[in-house]
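Engineer: Starting from these lines, generate the structure:
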Amino acid sequence: MEFSLEQTLMAWMIAGTRVTGMIVSAPFFGSLSIPVRIKIGLGLVFTMMMAPLVSKPGVSLPASGLLALLASEAATGFLLGFTLQIVFKARRILLCS
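Structural biologist: Okay, here's the model as predicted:
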């Protein structure tokens, strides 16, 4: 197995972008009561757990392709966080009714 710094950094950027998007919009982690340092630490820990699971692109991407890939990963993270918000708000509505 050959080590490629470029592919490893790409995997970290992809995982970090998705995790950051989710932390910003998730119900527990997106709360203002959690300090920013804690959020950054959690983002780093979650990125460390997710980076080995990310499939690394086989070819080098141009800057525009990388930007599009990271934008789609951020959007995916935001959608995951917002989906969690909807689930927890629906649960709260059901329990309060």
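
Engineer: Give me the mean pLDDT for the helix or strand T8 falls within.
Structural biologist: Following DSSP states H and E, one finds T8 within helix 5-25. For helix 5-25, the mean pLDDT works out to 89.

Engineer: Now for P35, how many residues are close by?
Structural biologist: Applying other CB atoms under 10 Å, we find 9 residues neighbouring P35. Glycine gets a C-beta too; all of them are placed from N, C-alpha and C.

Engineer: Next, the buried residues of stretch 51-62.
Structural biologist: 51, 54 (16 or more other CB atoms under 10 Å).

Engineer: scratch that, stretch 78-89 is what I was asking about
Structural biologist: 78, 80-82, 84.

Engineer: Which of these fall within helices?
Structural biologist: 78, 80-82, 84 (DSSP state H).

Engineer: Phi, psi for the closest residue to S4 other than its chain neighbours please.
Structural biologist: Leaving aside its sequence neighbours, S4 sits nearest to K56 (CB to CB, 6 or more residues apart in numbering; 7.8 Å). Main-chain dihedrals, K56, degrees, to the nearest 10: phi -80, psi 140.

Engineer: So K56 versus L69, what's the distance?
Structural biologist: 12 Å (CB to CB, to the nearest Å).

Engineer: chain center to the helix holding T8: distance?
Structural biologist: 6 Å (CA atoms, centre = their mean, to the nearest Å).

Engineer: List the buried residues for it?
Structural biologist: 7, 10-23, 25.

Engineer: The following helix or strand past that helix versus helix 5-25: what angle between them?
Structural biologist: Downstream of helix 5-25, the next assigned helix or strand under DSSP H and E is helix 36-50. Calculated by axes from the mean of the first three to the mean of the last three CA atoms, to 10 degrees, helix 36-50 forms an angle of 130 degrees with helix 5-25.
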